[in-house]
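A.B. asks: what's the 3D shape of this:
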Amino acid sequence: MPGPVPGSGRSRHAVVAGVVAAVLAAGGVGGWLVWGGDGDGKGTAGPPAVTSTATDGPGPSSGQDSGTPSDPASPSGGPAATDREPPPGFHTVEDPEGFTIAVPVNWNRTSSATEGVFYHSPDGKSLVQIFTLAAPGTPPYESLRQTSGNLAAKPGYQELSLERTGPGDAAELVYAYDREEGRRKVVDRAFTGTDGRQHAILVAGPETDWPQQRGTLTTALEFFRP
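C.D. replies: Numbering: from 1, shown residues only. Take a look at the predicted model:
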């Protein structure tokens, strides 16, 4: 995997969906949001992730176009994920933040203390965001419901689906919204990992790329180990 590209090296028109992760407190009840904003989402180029398994290929597969989750992947990081190689176009990386995940080959890593870890496509139009909250106070489904409510004021925002997916307390939000560069489609999966912490993995890209975002998320979840 090539070294990280500094945020300033990408086009100022880079389209980024998942750019803010915030911890909320209201009435003594803690919550968290991972939401698509209008910031640049550049983060800081940090130490490169270590590639543990690489599979050359043309890129992530688009999979089947579906409005509902269809992947059997469990975000538990079980033995099955460690014994197999990711599909063509992906490789597994050992991220400096301590987790392992499969992301598309040649995507560049940045990180932010408040927004988590990002892997960006070379053209800056698509991304994977990974965010972890050490002490959550709100279940994943409720957190995503709050996220959708906060996003409702964004231009062209449309909640496409919000549902509990399992295993465990895992939930998923799919939404679309408008940017100057074009319409975006995002899938955001939130869950409690085997480490007892809440994680969210978000994949964003141009709406015209759908269901490629779904395929990227499926692979990321299948190989995620906290």
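
A.B. asks: which residues of the protein fall in strands?
C.D. replies: 18-26, 29-36, 50-54, 90-94, 100-104, 108-112, 116-120, 127-133, 158-164, 171-179, 182-192, 198-206 (DSSP state E).

A.B. asks: Can you check which of those gets nearest to residue 84?
C.D. replies: For the strands of the chain, distance to residue 84 was read as C-beta to C-beta. The smallest value, 8.7 Å, belongs to strand 50-54. (Each C-beta comes from the backbone N, C-alpha and C, glycine too.)

A.B. asks: what about stretch 205-214, start to end distance?
C.D. replies: Counting by C-alpha to C-alpha, to the nearest Å, you get 10 Å between the two ends of stretch 205-214.

A.B. asks: Averaged pLDDT, it. What do you get?
C.D. replies: Average pLDDT, stretch 205-214: 98.

A.B. asks: List the buried residues in it.
C.D. replies: Buried residues in stretch 205-214, defined by neighbour count with 16 or more other C-beta atoms under 10 Å: 205-206, 209-214.

A.B. asks: Which one of the strands of the chain has the poorest average confidence?
C.D. replies: strand 18-26 (a mean of 35).

A.B. asks: one step back: next, format the strands of the chain as a markdown table and append distance to residue 146.
C.D. replies: Shown next, in a markdown table, are the strands of the chain (distance: least, C-beta to C-beta, whole Å):
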| stretch | distance to residue 146 |
| --- | --- |
| strand 18-26 | 8 |
| strand 29-36 | 6 |
| strand 50-54 | 35 |
| strand 90-94 | 30 |
| strand 100-104 | 25 |
| strand 108-112 | 21 |
| strand 116-120 | 18 |
| strand 127-133 | 13 |
| strand 158-164 | 11 |
| strand 171-179 | 10 |
| strand 182-192 | 11 |
| strand 198-206 | 13 |
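
A.B. asks: so which of these comes closest to residue 152?
C.D. replies: strand 158-164 (7.8 Å).

A.B. asks: quick revisit: residue 144 is nearest to which of the strands of the chain?
C.D. replies: Taking the strands of the chain one by one with C-beta to C-beta, strand 171-179 is closest: 4.2 Å.

A.B. asks: Would you mind listing the buried residues in that closest one?
C.D. replies: 171-177, 179.

A.B. asks: which of those lies closest to residue 95?
C.D. replies: residue 172 (21.9 Å).

A.B. asks: contacting residues around the closest one?
C.D. replies: 69, 144, 161-163, 165, 187-190 (C-beta atoms under 8 Å, 6 or more residues apart in numbering).

A.B. asks: possible to save the buried residues of strand 171-179 as JSON lines with distance to residue 219?
C.D. replies: Shown next, in JSON lines, are these (distance: C-beta to C-beta, whole Å):
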{"residue": "171", "distance to residue 219": "19"}
{"residue": "172", "distance to residue 219": "15"}
{"residue": "173", "distance to residue 219": "19"}
{"residue": "174", "distance to residue 219": "17"}
{"residue": "175", "distance to residue 219": "21"}
{"residue": "176", "distance to residue 219": "22"}
{"residue": "177", "distance to residue 219": "24"}
{"residue": "179", "distance to residue 219": "25"}
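
A.B. asks: wait, which of the residues you listed is closest to residue 103?
C.D. replies: Closest to residue 103, out of all of these and judged by C-beta to C-beta, is residue 172, at 18.7 Å.

A.B. asks: Who does the closest residue to residue 131 other than its chain neighbours form a beta bridge with?
C.D. replies: Once flanking residues are discounted, residue 131 sits nearest to residue 116: 3.4 Å by C-beta to C-beta, 6 or more residues apart in numbering. Here residue 116 sits in beta bridges with residue 112, as judged by DSSP bridges.
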